[in-house]
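Q: heads up, no residue letters with this:
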């Protein structure tokens, strides 16, 4: 609870200043990440990307933002006006709220006050992030419903179903982190990782499940079914324009940054340096940890962009099946394993018991996967009835090809 | 005897700001016509309750209230309500006669039960205060109670909820009589279904100079409209426009000079 004590004696003006800084960081990161995403995706697609406005096109996103804000603001006649206006506000505010519990730095001196760059440190910080995410879904659902049109409704339904199902997997993947760190506060989890290993290594399956479900949670490619433009036009935000659309846009990117920051905090050691580079943390009086934090966050953001540039969009039913039938059961089993290991390691110190248990788990996993594969083979061998061979009128083919003239020189054509 | 309720400072301000809003929202929930608005107001009431819990040091309870009630339960509610449509309002006519007095009796009875239960729980007992209850941390204190003293009710409730969820699934789910065709089988069947017309998907609707919405059929090479280019829903609704009016012969192409 070192961070909580440091935060406790902060005067009000420092808290206000920190809130403003967190907000500004989110907005600036959004603008820069829109630019970054367009440049990276362009490079992956052998294009150049925005390079005209400002140096390297750096302020292209800003220019686009200004243009977006100055567009005409339309509210469809069939829309439910109040809800239509509230929806983007819910989406954007909850996205920002998640950042309040992220520890951005270790202890630093801020205007003569010893503190940490974290707005608040509550004992259930990670649950708080989940709570804000679950309220954020309201923005999407209500936007889809209040537009009074078919595509947004379908998009809203899809994305809320998606966010809810992947939030379960996400929540379950966090459980093993709680079990290992013995805390639900973000700063204590960072501290616990500093004392042992990064949980991304120790709890690798949890890390993988979290990484997958965070993409599903933020409605990003390849899981961006809510905005599948080939099927649903723009999904839940089809009818939105101008600033209201900008708020959804902002919310999406702030959410990406927030889940990346949470992944950094829970699995990659938070603001601490990479192993072996701990001596850098005292450079600049602790502010150097900010750089480590953002390197890790931007790495996750790069992975988001990488996924978008690489993978095709999933079909909706495949996506939901993956969430419910693979991610959730696997994370439940993994929690079982982690909890058992934890109990073994805290009660008896004997190594053989731990290794024996791990061996049994590996054997069981191998057995299940073998059984699964053989049942899949059986299922594939079932022949489904198909219609009879059609009888189309096709030109008759020569029964036997006798000669083929192959001329490399093209002499026939002279 | 010390007063049961000691609130002061910012907490008082918070209470007097949020409590009227919560009560208004609760009353509004009963009075508004649209079901989705009702659900929204209920969600707001739950969030205010969560804020009150947090203000009273029950941090875990407050956050879980948001995650579980606002995030999961209300969202499922909204899900169902959304499918009802944006324009539908509740019909206030009684479909089954005599339901209203039964409902009122049940409501009053349940209210009385709740009041008497809560009265038993709080009146005439000296509260030890959250300071002592939270001595070893809010989450830890809660976990200790939940997994020692109340482990049996906790497990029973979870078993009950799982049974309910499974029961709902069994009742709502119906078994397919024949296996669902895979994407590949559907593709094969399209090519083997007598005509190749639909093999590459149905034709799109017509695109004309004067009209390019989904309600005009495209034209076949011989000039007749292609019925398969229009969605069956639109056809059933009678929303299909005659495409012949967009044919060049029928369109008035005389240019009027503007003055």
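A: Looks like it came in fine. Keep in mind that this is a model prediction, so the values were computed, not measured.
Q: okay, CA-based contacts and neighbour counts for the rest of this
A: OK.
Q: Was I right to think residue A:184 contacts residue A:126?
A: Yes: using CA atoms under 8 Å, residue A:184 is in contact with residue A:126, at 5.8 Å.
Q: Looking at those two, which one has more neighbours?
A: residue A:126 (25 against 22; other CA atoms under 10 Å in any protein chain shown).
Q: low-scoring stretches of chain A, by residue?
A: For chain A, the stretches with pLDDT under 70 are A:1-4, A:349, A:380-394, A:397-414.
Q: In contact with residue A:178, which residues?
A: Counting by CA atoms under 8 Å, 6 or more residues apart in numbering or on different chains, residue A:178 touches A:184, A:189.
Q: Please identify which helix or strand holds it.
A: Using DSSP states H and E, residue A:178 sits in helix A:150-181.
Q: Which of the helices or strands spans the spatially most central residue of chain B?
A: Among the residues of chain B, the one closest to the centroid is residue B:78, at 1.4 Å (CA atoms, centre = their mean). Assigned by DSSP H and E, residue B:78 belongs to helix B:74-82.
Q: Please apply the same query to residue A:114.
A: Take DSSP H and E as the rule and residue A:114 turns out to sit in strand A:113-116.
Q: Show the subsequent helix or strand relative to that strand.
A: Heading C-terminal from strand A:113-116, the first helix or strand you meet, by DSSP H and E, is helix A:125-146.
Q: Could you list the domains of chain B?
A: Chain B breaks down by automatic domain parsing into domains covering B:8-85, B:203-249.
Q: re earlier: how about the helix holding residue A:178: buried residues?
A: A:150-177, A:180-181 (16 or more other CA atoms under 10 Å in any protein chain shown).
Q: contacts with chain B among the residues you listed, please.
A: A:153, A:157, A:164 (CA under 8 Å from any CA of the partner chain).
Q: Show me which of the residues you listed is closest to residue A:72.
A: Nearest to residue A:72 among these is residue A:153, at 22.7 Å by CA to CA.
Q: which secondary structure element contains the nearest residue to residue A:166 once chain neighbours are set aside?
A: In this structure, residue A:166 finds its nearest non-sequential neighbour in residue A:213, 5.3 Å apart by CA to CA, 6 or more residues apart in numbering or on different chains. Element membership of residue A:213, judged by DSSP H and E, is helix A:204-217.
Q: what does residue B:187 give?
A: Counting by DSSP H and E, residue B:187 is found in helix B:183-191.
Q: ok so, going back, would you mind pulling the contact partners of the helix holding residue A:213?
A: A:162-164, A:166-167, A:169-170, A:173-174, A:176-177, A:199-200, A:221-224, A:259, A:263, A:267, A:304, A:327, A:331, A:334.
Q: for chain A, what are the nearby residues on the stretch 151-259 of chain B?
A: B:179, B:181, B:185, B:188-189, B:191-194.
Q: just to revisit the earlier point, contact partners for the residue nearest to the centre of chain B?
A: Neighbour list for residue B:78: B:36, B:39 [criterion: CA under 8 Å, 6+ apart].
Q: Quick one: the strands in chain A, in order.
A: A:107-110, A:113-116 (DSSP state E).
Q: Nearest to chain B, out of the ones you listed?
A: Each of those has some distance to chain B by CA to the nearest CA; the shortest is strand A:113-116, at 21.7 Å.
Q: and the residue in the stretch 151-259 of chain B that chain A sits nearest to, how many neighbours?
A: Closest residue of the stretch 151-259 of chain B to chain A, CA to the nearest CA: residue B:192 (5.1 Å). Residues within reach of residue B:192, counting by other CA under 10 Å, total 18.
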